[in-house]
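Engineer: Coordinates for the following, if possible.
(2 chains)
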Amino acid sequence: MSVAAAHPLSHGGPEEPRRDGPDLPEAETHARLERTWGTAATFWGWLTTVDHKLVGRRYIVTGFAFFLLAGLMGLAMRLQLATPESGLISPDRYNQIFSMHGTTMMFLFAVPIGEAVAVYLIPLMVGTRNIAFPRLNAFSYWVYLSGGVMIHVAFVMDVGPETGWFSYVPLAGPEYSPGKRTDFWAQMITFTEVSALAVAVEIIATVFKMRAPGMSLNRMPLFVWAMLVTSFMVVFAMPAVMLASSFLISDRLVSTHFFNPAEGGDALLWQHLFWFFGHPEVYIIFIPALGMVSAITETFCRRPVFGYAAMVLALVTIGFLGFGLWVHHMFATGLPRLGHSFFTAASMLIAIPSGIQIFCWIATMFGGRPRFDTPLLFVAGFIVVFVLGGLTGVMLASVPLDLQLHDSYFVVAHLHYVLIGGAVFPLFGAFYFWFPKITGRMLDERLGRWNFWLLAVGFNVAFFPMHWLGLIGMPRRVYTYPEGLGWEVWNQVSTAGALMVAAGVALFLLNVALSLRAGRPAGPDPWGAPSLEWATASPPPSYNFAHIPVVASRTPLWDAPGGLPVMSGLKVDERELLLTTLHDARPDLREPSPEPSIWPLVAALAVTVLFVGSIFSAWAVVWGSVPVAAALVLWFWPKGGHRGNEVEQ
Amino acid sequence: MSRPTFAGDLSRLPDHAFGHRSLTWWGVMGFITVEAAGFALAAGAYFYLANQVPRWPPDHPPPDLLWSGLFTALLLLSEVPNVWLKKAAEGMDLRRTRLGLVAVVLAGAVLLGIRALEFTTLNVRWDENAYGSILWALLLLHTVHLLTDWVDTGVLAALMFTRHVNPRRFVDTSENALYWHFVVLTWLPVYAILYWAPRWM
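Structural biologist: As a prediction, this is how the structure comes out:
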């Protein structure tokens, strides 16, 4: 197959390029690799970098900033609802606030943060030097940032979304949501989906083709498996919401009739398309968290995860079943009964693989020697809270009960138990776990415990009463309620809980700030963890590993106490990566990896002009595509210099 | 820094390959999958909307067959230079690759011209009813893909005629031809849906 080895076109000069290996001193190897892969410490370097760690860190910080903003909006709503007939927030502003809260949490925090952590960790975990398609990665970050900034600017200027995070038509259609508010929402969707899809493709390619030699599929860390399944779900689910939001904005801007029943359209088409994405999205949020939980459990119980094969199969099963549930959001819309039964069955079925995972973690803890540091505390919190959320999920999967509880605070309680329990608790555990890797410093354990208990208690105080509020009839998305319905006390309790959660998050921020200033240095592997990201320095150098490691088990660092064996032979003066075979990860090819470039940023700005322009004129799609195309051509245009090194699809 | 144990050497591995051994292939296939999902969902929306009304198309004759038929025939024919180009690229034959790229670019230009005419014979506007909306949406979706790959092919042709020729460029050309397959293959169901489903339903 190696047609090219001696082809006249491969200009292999007389001078052999320098490669890592026994002939090159270690210090020189590091120095040369740093020169090749490092990001210049200048503003220009900052704008043009394609280092997955720098981009990943940005992603994580930005995602967390959106979490804080959305959290503040949640707090504002809780303050408004603390007393009946409160005049703190006007009804119109309240509509925007709950829409922004949900939209920001779901589209700008929950989905991107899982991918953000993956962008940082996956290349380290599989033992390679950078992510696949790193320029696309940089582009995806800038697009995501633009979308998030746009929607918040719109909110500040009183054109924020107002129809909830799922923007049902006809409420979101041209007739009932005039003005530009919903258009901004629809384009925010487009921004975030473009970036999510790009990252999904990068992760799939990285996981399939860039694993360290010996890391066959059945030796991949469970977080890598989780991100692989998540990425495939993104690939198949996100196009649905892009299509839906495009239909919506064209109904609003150029008078199409997709959702207009008067002209043959149908409002339920929106719900179908939205939930075909929206339900898998729940698992797109949740599955990365499952991977984090496995990594933390394994490390803090000092034994490999119990039932690896069962865990992988459970992840894949959730990935498939996640697509068979969307109609359970639509039981109240009068769809045919037969469909109800199918979707009820699927909704209950998905509890099985989730249960398998829970039991495997419990077995891991049972068979190991659990050390309850902060990360594992968050895992324990996750198991309790998520099981409670899962139970109300099984309740809601039953059609008669769902009809009763639809659009009530019971659903608000359920979704927060599932999402905060299922994703935010593991994420905080992951922050405590991987923070030392990213920054080189430990977070404080004592503050960490306070952080955990404030969050765990505060969360339950805030959200458990909502079950009861829903059962006694409080509908969701009301900006206020009259006195005398028996709702006052539980709403006050809930608001008190929300304040505790806020205190917990503030403590986390304090912990991060203190640790960045004067945290204990972490060293490469402070927790004694088994996977490859811990085999390199904290924070890792720009090139991740001086030599590509070789893996012979699922827990390589535990099984090679004398240090991992490594491969030699990658270039040190040009960016070069190792590609391995899909299944067994046998070394197959050396490929160049792209240099830093300004064009991903320029392309993202051009895309921003197109998307924002299209809110105001449909013709922006036509004239706006010219600068986008120009930026993309310049992005791919070779810059000369290193041979072959400029390539990126 | 302690000396690591070297278990093997990578320097003799090839530095490029065609097909699924290369990262490029995975990138192209990734986006093909994303877009195929988009097409499938849009097709689903078409039939969903068709089910909402008693007659389909509601008050119009179905779109005309002339330009669309010509387009389909030519698009299928464009696979001849495309397949030939893919082979030439994989054999790293610069002369044939250049020729193939020019042929595909020319075919694309003619196809885009016919597509423009096709839009004038749909017998419905996008803003008349939901049938018009979904018809235009599907045709536009395909046109965007056609246009994108046409531009890509043009850029590759420009690279192949300048000093930028190297083995990896042939890999790009081969994967670009794969994307053209996708543009051709997605058209067949879209054509059947837009032009024949209304006649048969």
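
Engineer: didn't residue A:184 look like it was pressed against residue A:154?
Structural biologist: Yes. Applying C-beta atoms under 8 Å, one finds residue A:184 in contact with residue A:154, separated by 4.2 Å. Where C-beta positions appear, they are placed from N, C-alpha and C, glycine not excepted.

Engineer: Overlap in contacts, those two.
Structural biologist: Shared contacts of residue A:184 and residue A:154, defined by C-beta atoms under 8 Å, 6 or more residues apart in numbering or on different chains, comprise A:160, A:161.

Engineer: Neighbour count for these two, which is higher?
Structural biologist: residue A:184 (26 against 23; other C-beta atoms under 10 Å in any protein chain shown).

Engineer: Relative to residue A:103, how far out is the more buried one?
Structural biologist: 10 Å (C-beta to C-beta, to the nearest Å).

Engineer: and the longest helix belonging to chain A, anywhere near chain B?
Structural biologist: As assigned by DSSP state H, the longest helix anywhere in chain A is helix A:267-301. Yes. Judged by C-beta under 8 Å from any C-beta of the partner chain, helix A:267-301 comes into contact with chain B at A:269, A:272, A:273, A:276.

Engineer: Can you tell me the SS state at residue A:482?
Structural biologist: The three-state label given to residue A:482 by DSSP: H, G, I helix; E, B strand; the rest coil is coil.

Engineer: With adjacent residues omitted, what lies nearest to it?
Structural biologist: Distance criterion C-beta to C-beta, 6 or more residues apart in numbering or on different chains; nearest residue to residue A:482, sequence neighbours excluded, is residue A:84 at 5.9 Å.

Engineer: Over to residue A:89?
Structural biologist: Counting by C-beta to C-beta, 6+ apart, the residue nearest residue A:89 is residue A:80, at 4.6 Å.

Engineer: re earlier: give the residues shared as contacts by residue A:184 and residue A:103.
Structural biologist: Taking C-beta under 8 Å, 6+ apart as the contact rule, residue A:184 and residue A:103 both touch A:151, A:161.

Engineer: Can you tell me how far residue B:140 is from residue B:178?
Structural biologist: According to C-beta to C-beta, residue B:140 stands 23 Å off from residue B:178.

Engineer: wait, residue B:163
Structural biologist: Noted for residue B:163: a distance of 26 Å to residue B:178, by C-beta to C-beta.

Engineer: Could you do residue A:630 as well?
Structural biologist: Taking C-beta to C-beta, one finds residue A:630 at 25 Å from residue B:178.

Engineer: Those two - which one has more neighbours?
Structural biologist: Legend: neighbour count by other C-beta under 10 Å for residue A:630 and residue B:178, higher for residue B:178 (17 against 14).

Engineer: Run a quick neighbour tally on residue 123.
Structural biologist: Picked chain A for this. 30.

Engineer: that's the wrong chain, I meant chain B
Structural biologist: Neighbours around residue B:123, by other C-beta under 10 Å: 14.

Engineer: Assess the claim that it and residue B:62 are in contact.
Structural biologist: Yes. Contact criterion C-beta under 8 Å: residue B:123 and residue B:62 qualify, at 7.1 Å.

Engineer: Determine the longest helix present in chain B.
Structural biologist: helix B:130-160.

Engineer: related to what we said a few turns ago, if you rank the residues of helix A:267-301 next to chain B by neighbours, which is first?
Structural biologist: residue A:273 leads the residues of helix A:267-301 next to chain B on contacts (other C-beta under 10 Å) with 27 neighbours.

Engineer: what's the spacing between it and residue A:231?
Structural biologist: Residue A:273 sits 21 Å away from residue A:231, taking C-beta to C-beta as the criterion.

Engineer: and if you look at residue A:100?
Structural biologist: Distance from residue A:100 to residue A:231, by C-beta to C-beta: 27 Å.

Engineer: sorry, back to before: for the longest helix of chain A, enumerate the helices and strands it packs against.
Structural biologist: In terms of contacts (3 or more C-beta pairs under 8 Å, 6 or more residues apart in numbering or on different chains; DSSP states H and E), helix A:267-301 is packed against helix A:111-126, helix A:222-253, helix A:308-321, helix A:351-367, helix A:374-396, helix A:425-439, helix B:23-50.

Engineer: what's the following helix or strand past the fifth one in contact with?
Structural biologist: Okay, so that is helix A:374-396. Where DSSP states H and E defines the elements, the next helix or strand beyond helix A:374-396 is helix A:399-405. With C-beta under 8 Å, 6+ apart as the test, helix A:399-405 has contacts from A:328, A:331, A:332, A:340, A:344, A:395, A:396, A:411, A:470, A:471.

Engineer: repeat that with 10 Å
Structural biologist: A:328-332, A:337, A:340-341, A:343-344, A:347, A:392, A:394-396, A:398, A:410-411, A:413-414, A:467, A:470-471 (C-beta atoms under 10 Å, 6 or more residues apart in numbering or on different chains).

Engineer: what separates that helix from the chain centre, distance-wise?
Structural biologist: Chain-centre distance of helix A:399-405: 31 Å, with C-alpha atoms, centre = their mean, to the nearest Å.

Engineer: can you tell me which residues contact the spatially most central residue of chain A?
Structural biologist: Here the mean C-alpha position of chain A is nearest to the C-alpha of residue A:114 (C-alpha atoms, centre = their mean), at a distance of 2.4 Å. Residue A:114 is in contact with A:63, A:196, A:199, A:226-227, A:230-231, A:234, A:284-289, A:291-292, A:423, A:426-427, A:430, counting by C-beta under 10 Å, 6+ apart.

Engineer: coming back round to it: and residue A:100 and residue A:231? Which one has more around it.
Structural biologist: residue A:231 (29 against 25).

Engineer: what sits against that one?
Structural biologist: A:114-115, A:118, A:122, A:196-197, A:199-207, A:284, A:287-288, A:319, B:30.
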